[in-house]
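Visitor: below is the structure, and that's it, no one-letter string:
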Ligand SMILES: Cc1cc2nc3c(=O)[nH]c(=O)nc-3n(C[C@H](O)[C@H](O)[C@H](O)COP(=O)(O)OP(=O)(O)OC[C@H]3O[C@@H](n4cnc5c(N)ncnc54)[C@H](O)[C@@H]3O)c2cc1C
């Protein structure tokens, strides 16, 4: 079973869920029109289905080969990467002055979903590279950008993002890699990084590492971290490749999933010091890295969506084909396709509705990023920036959690065959499992949402979002369409829960944050189910208005509201009533 880009679902989420249609109609993206966006997505879908998706199993089975410090990627990887670059997919959002296409983040979000649905182990390398380009374009010096940016944008070189060290994972401030100032204005780096995605590979003839390190006189913690560009090969004065820099891959990890993606331990400076160039100011590396990480966090959320989409496509095809048992009234001796059984139907609807909800949250986050960057209205840009900041941890954590859940349901629908590798369902579950861990674990995302994002603008950013969601629910209730069942009521209850719990969180932050931290993960889930439910209902309303695909969009929104949004009340209790119990429960873990 291969992958077909779900262009109708993606288009609906973009236009009616994330607000792309009004933005295009208002000319927010210049003369970019709906037809242009549809053409881009259709071409991306073709490449994803025809060139990248066939790599998925090849990469899983072959993995990568590490020998004498070099990594050989799986068969077909290099050719697919070349086709991807030739199609211009590395440069979708990059500024035109550096050879990019300057298209909106929201359009690229849909593309990123497709690359990851087709083959996550392939897509994760360029994905990190794209996030690095965005940050480098903002923070890099003119000279550095002249030397490196165009080749990164074209995909001729790929970037890595290097934060993690053995003692510094979630706690980035604990990193020890050192950077000494050299007389010529460059720096010499010494240290070790672990778990570096595509730290070494054979896809490009140079690799540009973006590395966090500490100067000898740096203040402790995250305030003393600087960002450096460290090329694998140094450049000659004319820009051609010069000598090898003092950085190398020491080993490649054996992993649960994404076998085709080389995850490397990197050694800097065992020949005297890797030459690096500062990006941004000394000791201001975290600000630069945050630009990179926020893009990467959204992209990892889209990995969850992509995996979930591929899992539902595969499960649906299997459920239509596999016959077991009878449905009521069926003649003896016949058997029904398993999709006819209500429990299987429930699983499939769960998969599809969770996927479309997460997809829309991710696209809405990308749209907020676009609105934060363009337009003449400064206040609107600031509000959009706050919206993107608020939604990024939800996009990352909710989408990657549901990616695992949906992939697991995909295995379940396959029965015993799901546990057997050749169906591919098991690979999706194994691949999905990393996404809640990297780019900041989902626990760290939940803490970020609660402690940094809810207080934005004294709570006004989250209140404004809750107000928007409430207007969707009012519109649902105003339709009085019986096909929507309990949708309006359940979404209203979910929003009431989210509103009360948000205010509880903000009050707890004012009075010592421990209880807020204890409830952060269920709070993020509550945010996801309430927002996701409203965004699906918004698409159902649009479908009703347009008389286009209304029955299926209404059914999906209704299923989500009646089956997932109803969990909001329990999640509220888990946060508000359960947090104190978490803090007082050490005895349960004493043995
Ligand atoms: C396949 C793969 C690819 C990766 N690619 C890259 C890459 O390209 N570049 C890079 O720099 N890194 C990369 N990483 C590293 C990844 O980002 C880290 O593994 C991740 O940030 C978690 O850090 P850790 O593994 O040290 O876990 P820890 O930080 O040790 O966390 C362990 C557990 O404790 C929890 N925890 C930790 N601190 C807190 C806290 N303060 N409050 C509450 N809970 C807490 C976490 O949520 C987690 O559940 C990759 C990792 C893998 C496995």
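Guide: Yep, it's here. It should be emphasised that the depicted structure is a prediction, and the values quoted were computed from it without experimental measurement. Numbers count the residues shown, from 1 in each chain.
Visitor: and the gap between the residue lying farthest from the centre of the chain and the ligand?
Guide: Going by C-alpha atoms, centre = their mean, the residue of the chain most distant from its centre is residue 332, 48.4 Å out. Here the distance between residue 332 and the ligand works out to 52 Å (C-beta to the nearest ligand atom, to the nearest Å). (Glycine included, C-beta is placed from N, CA and C.)
Visitor: pLDDT score assigned to residue 98?
Guide: pLDDT recorded at residue 98 is 89.
Visitor: which residues touch it?
Guide: 137, 145, 149, 150, 153 (C-beta atoms under 8 Å, 6 or more residues apart in numbering).
Visitor: output the residues you listed as a markdown table; include the columns pLDDT and neighbour count.
Guide: What follows is the contacts of residue 98, written out as a markdown table (pLDDT from 0 to 100; neighbours: other C-beta atoms under 10 Å):
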| residue | pLDDT | neighbour count |
| --- | --- | --- |
| 137 | 89 | 19 |
| 145 | 95 | 17 |
| 149 | 95 | 23 |
| 150 | 94 | 18 |
| 153 | 94 | 27 |
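Visitor: for the chain, which residue gets nearest to the ligand?
Guide: Residue nearest to the ligand within the chain (C-beta to the nearest ligand atom): residue 169, separated by 1.6 Å.
Visitor: can the strand ranked longest in the chain be found next to the ligand?
Guide: For the chain, the longest strand by residue count, based on DSSP state E, is strand 187-197. Yes: counting by C-beta under 6 Å from any ligand atom, the ligand is contacted by strand 187-197 at 195, 196, 197.
Visitor: pLDDT on that strand, on average?
Guide: Rounded mean pLDDT across strand 187-197 is 98.
Visitor: one more: stretch 504-517?
Guide: Here the average pLDDT along stretch 504-517 is 91.
Visitor: contacts for that stretch, please.
Guide: Residues contacting stretch 504-517 (C-beta under 8 Å, 6+ apart): 447, 450-451, 454-455, 459, 519, 523, 575-576, 579-580, 583.
Visitor: ok, which pair from those is furthest apart?
Guide: 459 and 583 (23.7 Å; C-beta to C-beta).
Visitor: and these two? Which one has more around it.
Guide: residue 459 (15 against 12; other C-beta atoms under 10 Å).
Visitor: check the gap between the more buried one and residue 109 for me.
Guide: 27 Å (C-beta to C-beta, to the nearest Å).
Visitor: what comes up buried for stretch 233-242?
Guide: 233, 234 (16 or more other C-beta atoms under 10 Å).
Visitor: buried set for stretch 154-166?
Guide: For stretch 154-166, by 16+ other C-beta under 10 Å, it's 154, 155, 157, 158, 159, 160, 161, 162, 163, 164, 165.
Visitor: among the residues you listed, name the ones in strands.
Guide: 158, 159, 160, 161, 162.
Visitor: isn't the second one right up against residue 135?
Guide: Looking back up the chat, that one is residue 159. No: with contact defined as C-beta atoms under 8 Å, residue 159 does not reach residue 135; the gap is 9.4 Å.
Visitor: overlap of the contact sets of these two?
Guide: Common neighbours of residue 159 and residue 135 (C-beta under 8 Å, 6+ apart) are residue 210.
Visitor: how many residues are close by the nearest residue in space to residue 65 that is not next to it in sequence?
Guide: Nearest residue to residue 65, sequence neighbours excluded (C-beta to C-beta, 6 or more residues apart in numbering): residue 72, at 4.3 Å. Close neighbours of residue 72, defined as other C-beta under 10 Å, add up to 16.
Visitor: got it, and residue 325?
Guide: Residue 325 - counted by other C-beta under 10 Å - has 11 other residues nearby.
Visitor: in a strand, it, correct?
Guide: No: Residue 325 is assigned coil when assessed by DSSP: H, G, I helix; E, B strand; the rest coil, not a strand.
Visitor: what's it in contact with, if anything?
Guide: Contacts of residue 325 by C-beta under 8 Å, 6+ apart are 335, 336, 338, 341.
Visitor: try it again at 7 Å.
Guide: 335, 336, 341 (C-beta atoms under 7 Å, 6 or more residues apart in numbering).
Visitor: show me what from the stretch 351-500 of the chain comes close to the ligand.
Guide: Checking the stretch 351-500 of the chain against the ligand by C-beta under 6 Å from any ligand atom, the hits are 434, 437, 438, 439, 440, 441, 443, 444, 447.
Visitor: please dump these into TSV; it should also carry distance to residue 238 and secondary structure for every row.
Guide: Output for those, formatted as TSV (distance: C-beta to C-beta, whole Å; DSSP: H, G, I helix; E, B strand; the rest coil):
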residue	distance to residue 238	secondary structure
434	40	coil
437	42	coil
438	37	coil
439	37	coil
440	40	coil
441	44	coil
443	48	helix
444	44	helix
447	48	helix
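Visitor: could you flag which of these are buried?
Guide: Buried among those by 16+ other C-beta under 10 Å: 434, 438, 439, 440, 441, 443, 444, 447.
Visitor: export these to a markdown table and append columns for pLDDT.
Guide: Output for these, formatted as a markdown table (pLDDT from 0 to 100):
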| residue | pLDDT |
| --- | --- |
| 434 | 98 |
| 438 | 97 |
| 439 | 95 |
| 440 | 96 |
| 441 | 98 |
| 443 | 98 |
| 444 | 98 |
| 447 | 97 |
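Visitor: distance to residue 267 added to these, as JSON lines?
Guide: Converted to JSON lines, those look like this (distance: C-beta to C-beta, whole Å):
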{"residue": "434", "distance to residue 267": "23"}
{"residue": "438", "distance to residue 267": "21"}
{"residue": "439", "distance to residue 267": "23"}
{"residue": "440", "distance to residue 267": "25"}
{"residue": "441", "distance to residue 267": "25"}
{"residue": "443", "distance to residue 267": "30"}
{"residue": "444", "distance to residue 267": "27"}
{"residue": "447", "distance to residue 267": "32"}
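Visitor: of all those, which comes closest to residue 425?
Guide: Each of those was checked against residue 425 using C-beta to C-beta; the closest is residue 434, at 17.1 Å.
Visitor: ok, residues contacting stretch 286-302?
Guide: Here stretch 286-302 makes contact (C-beta under 7 Å, 6+ apart) with 109, 112-113, 116, 127-128, 131-132, 134-135, 138-139, 161, 163, 210, 212, 222, 225, 227, 279-280, 362, 365-366, 392, 395-396, 399-400, 435, 438-440.
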